[in-house]
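J.: take this sequence and fold it.
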Amino acid sequence: MLSEPFLGDPNFERSAVLICEGNEEGHYGLVLNKPLENTKLSDVVDDVSAKGFQIYVGGPVEQNVLQYVHTLGDVLPGAISIAEDVYLGGDYEKLKLLLDTGQVKPSQIRFFIGYSGWSEGQLDGEMESNSWIVSNVKKIDLFEHEPDKLWRNVLRTMGGKYKAYSNYPIDPRLN
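T.: Numbers count the residues shown, from 1 in each chain. Model prediction:
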């Protein structure tokens, strides 16, 4: 899902969020397009030597927890399918081995600290107030768009009024 163009919450301004789980008790997701500036996986995890893997801020909740979304599927036991060819988590020890031996490329995985969470009914309320735009996630959206262009590019591909939204300035008063 995508934040509407003028959502004032700095945690979600111009955000693309992948909802990983949702039920009557609430929803859990990861912000896909907020890289943690100048921070790589090897900067936050001591037991991985792989270089070049960017860390993203998945949301404002529990920013001491590392999570990952990937395209590795069954290569990573315990991974949960959350969209077509997109998986969440999996065996961390196996992942470390794959990373350290160069068998995983940055284009196959994204690492996140923190997550986004909504309590029972909270996200429904935000949807009713038009704070979010529903979009179907595709692997290309997750792994092939530059993070700073993801929100805008997904809106453009949706066409119609959403294409117009993609061109809205962050602060229309400066227009």
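J.: just for this structure, where's the confidence low?
T.: For the chain, the stretches flagged by pLDDT under 70 are 137, 171-175.
J.: which residue ranges form the strands in it?
T.: In the chain, the strands defined using DSSP state E lie at 2-3, 17-23, 26-31, 35-40, 54-57, 61-70, 80-83, 86-88, 109-119, 132-133.
J.: could I get the ones you listed as TSV with distance to R156 and mean neighbour count?
T.: The C-beta positions use only the backbone N, C-alpha and C, and glycine is treated the same way. Compiled in TSV, the strands of the chain are given as follows (distance: least, CB to CB, whole Å; neighbours: other CB atoms under 10 Å):
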stretch	distance to R156	mean neighbour count
strand 2-3	11	23
strand 17-23	18	17
strand 26-31	19	21
strand 35-40	21	14
strand 54-57	22	20
strand 61-70	22	16
strand 80-83	20	14
strand 86-88	21	21
strand 109-119	21	20
strand 132-133	12	19
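J.: okay if I get the ones you listed as CSV plus distance to D9?
T.: Formatted as CSV, the strands of the chain follow (distance: least, CB to CB, whole Å):
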stretch, distance to D9
strand 2-3, 8
strand 17-23, 12
strand 26-31, 11
strand 35-40, 18
strand 54-57, 13
strand 61-70, 13
strand 80-83, 24
strand 86-88, 24
strand 109-119, 10
strand 132-133, 11
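J.: residue closest to the middle of this protein?
T.: Centroid-nearest residue in the chain, with CA atoms, centre = their mean: L32, separated by 2.2 Å.
J.: which residues touch that one?
T.: For L32, the contact set (CB atoms under 8 Å, 6 or more residues apart in numbering) comprises S15, A16, V17, L18, Y56, R110, D141, L142, P147, L150.
J.: R14 touches F6, doesn't it?
T.: No: the pair R14 / F6 is not scored as a contact, 9.8 Å apart, by CB atoms under 8 Å.
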